[in-house]
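1. mind folding the following:
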Amino acid sequence: MKYKVKLEIFEGPLDLLLYLIKKNEVDICDIPISAITDQYLEYLEMMKMLDLDIAGEFIVMAATLMQIKSRMLLPPDEVPEEEMEEGDPRSELVKKLLEYKKFKEAADRLAAIEATTSQQYTRKTEERPVPEIEGENAFFEASIFDLLTAFSKILKEVPRETFYKVVKDKFTVSDKIHDIVHTLVNEPKIYFSRLFKAAESKIEIIVIFLAVLELIRMKEIIIVQQEPFGEIEIIRNPDVVKPAVQ
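-> Numbering: from 1, shown residues only. Now for the predicted structure:
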């Protein structure tokens, strides 16, 4: 399968760290570095499995986290004197995260002010506004990391015989894009998990996910949740005049 989705639709490594801190409900000033590092590396492995074009800054952050983790695992009597004088090895990372979080919150407040409040709803401080689906409760835009989390859960729930089934490559990203768009013509929303119900192999599962990423990149769809970390739903971008695939 030769298909790459560039990470221009993704946010950066600091966004991923803030997402993991919020998801784990931990104090940003007291990060459980071992657990967060392991989870961060899991996301990178998933991106590599999907053959995504990972930006170098993600790799640099992974190295930084592993270095901090190794320093914190050292017994106190084995820590070099110069590092003891530097204090908590997490301090520089925490400073960057706090500064970045403050910047993001300011940017989101400006975006919220610009939004048309009668048509758009925003998640408090951290998410961009998305349109409400007529007749439904307010929805909030999910991050790309919410999508990766949902995809990871789907992979873990796939029966072993399906995941490792060997089939001839008969699926393309273009085909799956057409299927998703065609479904959204007749339905106002699709649950993300539903897209994979009939998948027959690991290859087909990955192709479906890449089709979703491509539709997001093309701004044809929006991924939303009814609450933070809730189930992912897919809706058509209301600004799209006509389907991407005829």
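2. per-residue confidence for the closest residue in space to Ile154 that isn't next to it in sequence?
-> Nearest non-adjacent residue to Ile154, counting by Cβ to Cβ, 6 or more residues apart in numbering: Phe196, 5.3 Å away. Where you see a C-beta, it was placed from the backbone N, CA and C, and this is true even at glycine. pLDDT for Phe196: 91.
3. I'd guessed Phe196 sits against Ile205; true?
-> Yes. Between Phe196 and Ile205 there is a contact under Cβ atoms under 8 Å: 5.6 Å.
4. the helices in the protein, which residues?
-> Taking DSSP state H as the test, the helices found in the chain are 13-23, 33-49, 56-73, 81-86, 91-114, 144-157, 160-163, 173-186, 202-217.
5. tell me the centre residue of this structure?
-> The residue lying closest to the centre of the chain (Cα atoms, centre = their mean) is Phe145, at 1.4 Å.
6. now do the contacts for the closest residue to it other than its chain neighbours.
-> Once flanking residues are discounted, Phe145 sits nearest to Tyr19: 4.4 Å by Cβ to Cβ, 6+ apart. Residues counted as contacts of Tyr19 (Cβ atoms under 8 Å, 6 or more residues apart in numbering) are Ser143, Phe145, Asp146.
7. of those residues, closest to Glu187?
-> Asp146 (20.9 Å; Cβ to Cβ).
8. so what's the predicted local confidence for that closest one?
-> 91.
9. now swap in Val79 and tell me
-> So, for Val79, pLDDT stands at 58.
10. that older thread, tell me the one of the contacts of Tyr19 nearest Pro13?
-> Ranked by distance to Pro13 (Cβ to Cβ), the contacts of Tyr19 are led by Phe145 at 10.9 Å.
11. and that closest one, how close does it get to Lys197?
-> 23 Å (Cβ to Cβ, to the nearest Å).
12. try Val26
-> The gap separating Val26 from Lys197 is 34 Å, by Cβ to Cβ.
13. counting neighbours, go ahead and name the busier of these two.
-> Val26 (14 against 8; other Cβ atoms under 10 Å).
14. dump the contacts of Tyr19 to JSON lines, plus distance to Glu114.
-> Converted to JSON lines, those look like this (distance: Cβ to Cβ, whole Å):
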{"residue": "Ser143", "distance to Glu114": "20"}
{"residue": "Phe145", "distance to Glu114": "24"}
{"residue": "Asp146", "distance to Glu114": "23"}
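15. point out where the chain drops to low pLDDT.
-> Residues of the chain that meet the criterion pLDDT under 70 lie in 1-10, 76-86, 115-139, 161-169, 240-246.
16. domain assignment for it?
-> Residue ranges for each domain of the chain read 1-114, 119-246, as given by automatic domain parsing.
17. which one of the ones you listed is the most hemmed in?
-> Mean neighbour count (mean count of other Cβ atoms under 10 Å) peaks for domain 119-246 among those, with a mean of 16.
18. off-centre distance for that one?
-> 12 Å (Cα atoms, centre = their mean, to the nearest Å).
19. how about stretch 58-75?
-> With Cα atoms, centre = their mean, you get 22 Å for stretch 58-75.
20. which residues are in contact with it?
-> 12-14, 16-17, 33-34, 36-37, 40-41, 44, 47, 79, 83, 89-90, 93.
21. between Phe196 and Ile205, which contacts overlap?
-> Ile154, Val158.
22. now do the residue nearest to Ile206 when sequence neighbours are not counted against Thr149, distance only.
-> Setting aside the residues directly before and after it, Ile206 is nearest to Leu50 in space (Cβ to Cβ, 6+ apart), at 6.2 Å. As judged by Cβ to Cβ, Leu50 and Thr149 stand 14 Å apart.
23. can you report phi and psi for the residue nearest to Ile206?
-> phi -80, psi 0 (degrees, to the nearest 10).
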